[in-house]
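*Asks:* One predicted model, sequence on top.
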Amino acid sequence: MPSRSTRKRLLPRIGAAGNIRATTHRTRGRPVRASISILRRILPLAVVVAAAPAAAQAQPRILSPRDTVRFEVAPGQRIYVDYGRPSMRGRRIMGGLVPYGRVWRTGANAATTLITDVDLRIGTASVPKGTYTLYTLPTSTGWTLIVNRQTGQWGTQYEPGRDLVRIPMQVSTLGEPVEQFTIRLERGRGSAASTIAMEWENTRATVPFRVVAPAARRTGTGTRP
């Protein structure tokens, strides 16, 4: 049997900079190089796996995420509404979180933005193509849609002097509650007008809209859904 001196078994050593250096040892007289490549692969993976739960816990929950609803008129011509989507989370909404008789940001956080590449007729009001902020004025008997020229502001920064138009909305009661505030741009069938619809809790507020055809801008007549 080889003597203890000839059966040297040297473990990997850690250098001053934290680098692992391979060494050799002898087993039964044959030189074998200690492989550390596996360690180099496993150790970083173990660190990542251990840190993943903590990273997941560190990410805050977004209570009112942004969403964008799109309505395509023609290639290169679209209508967008970008807004925050708060949830009920057990709260009373209409007449509570959304007070009656006060202008509401119609969403959460940053102002709700309407961008249209085409001229619109919303209800009976004309809205030229451009970028606007949408507010609403809910009451116990009806809603009013407010199209405002101010843009890029926080949702609570409302300047009534910059209103473009105020448009009455139709209000109905939903059969099932809607947990998260939702805005829809619903395309009309055939020659029927399309619809801007807002739903939350048990309330649905709507207003019809049409795209103003180019000829209508010159003559003052003619629209399309």
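*Replies:* Perfect, thanks for sending it. Numbering: from 1, shown residues only.
*Asks:* mind listing the helices for this structure?
*Replies:* For the chain, the helices defined by DSSP state H cover 37-58, 214-219.
*Asks:* Remind me what the longest strand anywhere in the chain packs against, helices and strands.
*Replies:* Longest strand in the chain, counting residues (DSSP state E): strand 163-186. Counting contacts by 3 or more C-beta pairs under 8 Å, 6 or more residues apart in numbering; DSSP states H and E, strand 163-186 is packed against strand 66-74, strand 77-84, strand 125-127, strand 130-138, strand 143-148, strand 194-212. Bear in mind the C-beta positions are built from the backbone N, C-alpha and C, glycine included.
*Asks:* Work out the sheet partners of the third one and label each with its direction, please.
*Replies:* Strands that pair with strand 125-127, judged by DSSP bridges, come out as strand 120-122 (antiparallel).
*Asks:* Could I get the buried residue list for stretch 194-204?
*Replies:* 194-201, 203-204 (16 or more other C-beta atoms under 10 Å).
*Asks:* now stretch 62-76
*Replies:* Neighbour counts over stretch 62-76 (16+ other C-beta under 10 Å) mark 64, 69, 71, 73 as buried.
*Asks:* So what touches it?
*Replies:* For stretch 62-76, the external contacting residues (C-beta atoms under 8 Å, 6 or more residues apart in numbering) are 78-87, 89, 107-110, 117-118, 183-185, 187, 194, 211.
*Asks:* Just the buried ones from those?
*Replies:* So, by 16+ other C-beta under 10 Å, the buried ones in those are 79, 81-87, 107-110, 118, 183, 185, 194, 211.
*Asks:* Residue 193 touches residue 209, doesn't it?
*Replies:* Yes. Contact status for residue 193 versus residue 209: in contact at 6.4 Å, counting by C-beta atoms under 8 Å.
*Asks:* Which one of these two is surrounded by more residues?
*Replies:* More crowded of residue 193 and residue 209, by other C-beta atoms under 10 Å: residue 209, with 26 against 18.
*Asks:* Identify the residues contacting that one.
*Replies:* Applying C-beta under 8 Å, 6+ apart, the residues contacting residue 209 are 120-123, 193-196.
*Asks:* Nearest to residue 93 among the residues you listed?
*Replies:* Closest approach between the contacts of residue 209 and residue 93, by C-beta to C-beta: residue 196, at 19.0 Å.
*Asks:* With adjacent residues omitted, what lies nearest to that closest one?
*Replies:* Spatial nearest neighbour of residue 196, chain neighbours left out: residue 207 (5.2 Å); criterion: C-beta to C-beta, 6 or more residues apart in numbering.
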